[in-house]
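Asks: Sequence unavailable; structure follows:
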């Protein structure tokens, strides 16, 4: 169940990738609801391309602006590198090293975000539609914002984070417990990695409300 927690949204500002050998494909996704226990890192490393062989013996780590280096071990059951419960920081630096192959990149958080409408345990009238709004502590938009309504079965990804999204009456479902879920992300293509590589950082916030 999604918890309604104020989150630190790790998105937006890129502190430039610091180079690499171009020989590794990396797909790295960091996520958190703003608390250390919820923090997750999921990293896939392949040789040369998205279709290349999986690399199982890389040294993968994440370092924050205040957080010491944390290793991300390979998990055989999921065939990726993963770690949970690491410190969430204002910036996260990914390092992937295998022999002479290397990829490094850093992303920085724009600050805390929170859904401001609807309100937790509040009510909205279906006929009026719904305006979902949110704010960011530093007023920094994310590269991508995603809004999900559970009961309405609505899932919208916005390429332009304007801190709001209006939903018409039609998809809304009269219900005592609707959940609106906000996900804000930054995605970068790290320099020095194979084409198609991506590093994203995402945090979420969710609240429950009633539709009448």
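Replies: Everything's here; your move. All figures in this text were calculated on a predicted structure; none of them were measured in a lab.
Asks: Quick check: which ranges of the chain have low pLDDT?
Replies: Residue ranges of the chain with pLDDT under 70: 1-19, 110-111.
Asks: Quick check: the gap between the residue in it sticking out farthest from the centre and residue 168.
Replies: In the chain, residue 127 marks the outermost C-alpha relative to the chain mean, sitting 32.3 Å out by Cα atoms, centre = their mean. For residue 127, the distance to residue 168 (Cβ to Cβ, to the nearest Å) stands at 10 Å. (Each C-beta comes from the backbone N, C-alpha and C, glycine too.)
Asks: ok, residue 172 - contacts?
Replies: If you count contacts by Cβ atoms under 8 Å, 6 or more residues apart in numbering, residue 172 has them with 124, 126, 129, 130, 149, 152, 178, 211.
Asks: follow-up on the earlier one: am I right that the residue farthest from the centre of the chain falls within a helix?
Replies: Yes. Counting by DSSP: H, G, I helix; E, B strand; the rest coil, one finds residue 127 located in a helix.
Asks: thought it was touching residue 174?
Replies: No. Using Cβ atoms under 8 Å, residue 127 is not in contact with residue 174, being 10.2 Å away.
Asks: Can you report how many residues neighbour residue 62?
Replies: 22 (other Cβ atoms under 10 Å).
Asks: Secondary structure of it: a strand, I assume?
Replies: Yes. Counting by three-state DSSP, residue 62 is part of a strand.
Asks: Identify the residues contacting it.
Replies: Per Cβ under 8 Å, 6+ apart, neighbours of residue 62: 30, 41, 69, 70, 72, 83, 86, 92, 93, 94, 95.
Asks: one more time with 6 Å
Replies: When contacts are counted by Cβ atoms under 6 Å, 6 or more residues apart in numbering, residue 62 touches 41, 70, 92, 94.
Asks: one step back: please identify every residue contacting each of residue 127 and residue 168.
Replies: By Cβ under 6 Å, 6+ apart, no residue touches both residue 127 and residue 168.
Asks: Skipping adjacent residues, who's closest to residue 84 in space?
Replies: residue 40 (5.3 Å; Cβ to Cβ, 6 or more residues apart in numbering).
Asks: one step back: surely the residue farthest from the centre of the chain touches residue 169?
Replies: Yes. The criterion here is Cβ atoms under 6 Å, and residue 127 meets it with residue 169 at 5.4 Å.
Asks: still on that earlier bit, between the contacts of residue 62, which has the most around it?
Replies: residue 92 leads those on contacts (other Cβ under 10 Å) with 28 neighbours.
Asks: Quick check: it vs residue 173, distance?
Replies: Relative to residue 173, and taking Cβ to Cβ, residue 92 is found at 37 Å.
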